[in-house]
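> build me a model:
(one chain, ligands or ions: 1)
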Amino acid sequence: MPNRKLQGEFNKHGLPRQIPNPIKREVRRRSGFGCVVCGATVYTYHHFDPPYADAKKHDPKGITLLCAECHSNATKGLLSDDTIRKKTKAPRCLEQGSSHFKLDIGGQFPIVHFGNSLLVGNPTIIRAFGKPLFAVDRPEKSGAPFRISALFYDREGRETCRIVENEWHGFIANWDIECTGNQFEVHRAHGEIAFRMRHVPPNELAVDRLDMFYRGFRVIIQPDGRTTTYLPDGQMWFQWDGASLIGNNAVIVIE
Ligand SMILES: [Zn+2]
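You can find the predicted model right below:
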């Protein structure tokens, strides 16, 4: 008996729905890691030339990135193939320098998983020379969401990504930014993860990989979840493994 689920994963030419990873990456990098029309970080891969139903191969030139809303508009006939073609050549993220996505944060103090450590009720997660680099602010008025803001830099002092009052921005100078499900992963270079976050609305944020620099200081979340920090002279500063930090005013203070 034919497998109905498997049948649905191929088109009439036998082309699998799953696009090979190198082709997906080529489409992401060309698009600036976001919807080519509106710049949203959360997207799907859209065959437009030809449509997937008629495609005989996954040709990156005929595939673009569209967010759910723009994809829905295209499907309903509210966004033309001509506009999609034009925006594929001049993607929104390349015009504005980053992609963006508003995180759905609720009215309770967010729980932050920082590697394998748990941060609960900490208004400042990283502060450097008096400047908050990763902070949680209370709502502006009752019933409004808590506000997460963060700035992450690489070794050369370039921003890899930021969060401005719950709005995530991933910069186009990165080697790759991949958004799958609720996970955002930033690669500064091939094989170098600068940041990986999972967002579990309404009040959990898990940063499970990090490699950030600030004036020579370095904070790393290792693949095994340990947090390791280094001083500008390269000496290890401190390390956590499975810590629970509850209600500290500031968790990592660089000065
Ligand atoms: Zn869009």
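
> spatially central residue for the chain, please.
Note on the chain: the residue nearest the mean C-alpha position is F184, at 2.8 Å, using Cα atoms, centre = their mean.

> that residue and I111: what is the separation?
Counting by Cβ to Cβ, to the nearest Å, the separation of F184 from I111 is 18 Å. Where you see a C-beta, it was placed from the backbone N, CA and C, and this is true even at glycine.

> please apply the same query to Y43.
From Y43 to I111 the distance is 27 Å (Cβ to Cβ).

> same thing with L118?
From L118 to I111 the distance is 7 Å (Cβ to Cβ).

> equivalent analysis for I148, please.
The value you get for I148 to I111, if Cβ to Cβ is used, is 12 Å.

> packing partners for the longest helix anywhere in the chain?
Identified as the longest helix of the chain according to DSSP state H is helix 21-31. Under the contact criterion of 3 or more Cβ pairs under 8 Å, 6 or more residues apart in numbering; DSSP states H and E, helix 21-31 touches strand 63-66, strand 176-180.

> how about it: buried residues?
24, 27-28, 30-31 (16 or more other Cβ atoms under 10 Å).

> what does stretch 226-246 give?
226-230, 240, 245.

> ok, so of these, who is nearest T83?
Of all the buried residues of stretch 226-246, T83 sits closest to T227, with 45.2 Å by Cβ to Cβ.

> which residues does the closest one contact?
Taking Cβ atoms under 8 Å, 6 or more residues apart in numbering, we find T227 in contact with 114-115, 117, 219-221, 239-241, 243.

> dump the residues you listed into a markdown table; add secondary structure and pLDDT as well.
Formatted as a markdown table, the contacts of T227 follow (DSSP: H, G, I helix; E, B strand; the rest coil; pLDDT from 0 to 100):
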| residue | secondary structure | pLDDT |
| --- | --- | --- |
| F114 | strand | 97 |
| G115 | coil | 97 |
| S117 | strand | 96 |
| V219 | strand | 98 |
| I220 | strand | 98 |
| I221 | strand | 98 |
| Q239 | strand | 96 |
| W240 | strand | 94 |
| D241 | coil | 96 |
| A243 | coil | 93 |
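
> now, among these, which is nearest to T180?
I221 (18.7 Å).

> how close does K57 get to the ion?
Relative to the ion, K57 is positioned 25 Å away (Cβ to the ion, to the nearest Å).

> touching, D208 and H113? I think so.
Yes. D208 is within contact range of H113, at 7.0 Å (criterion: Cβ atoms under 8 Å).

> domains of the protein?
4-96, 102-254 (automatic domain parsing).

> phi, psi for the spatially closest residue to A250 that is not a sequence neighbour please.
Spatially, and ignoring its direct neighbours in sequence, A250 is nearest to T124 (4.0 Å; Cβ to Cβ, 6 or more residues apart in numbering). When quoted as degrees, to the nearest 10, the phi and psi of T124 stand at phi -120, psi 120.

> how many other residues sit next to the residue lying closest to I19 once chain neighbours are set aside?
Closest residue to I19 apart from its sequence neighbours, by Cβ to Cβ, 6+ apart: H58 at 4.9 Å. Neighbour count of H58, defined by other Cβ atoms under 10 Å: 20.
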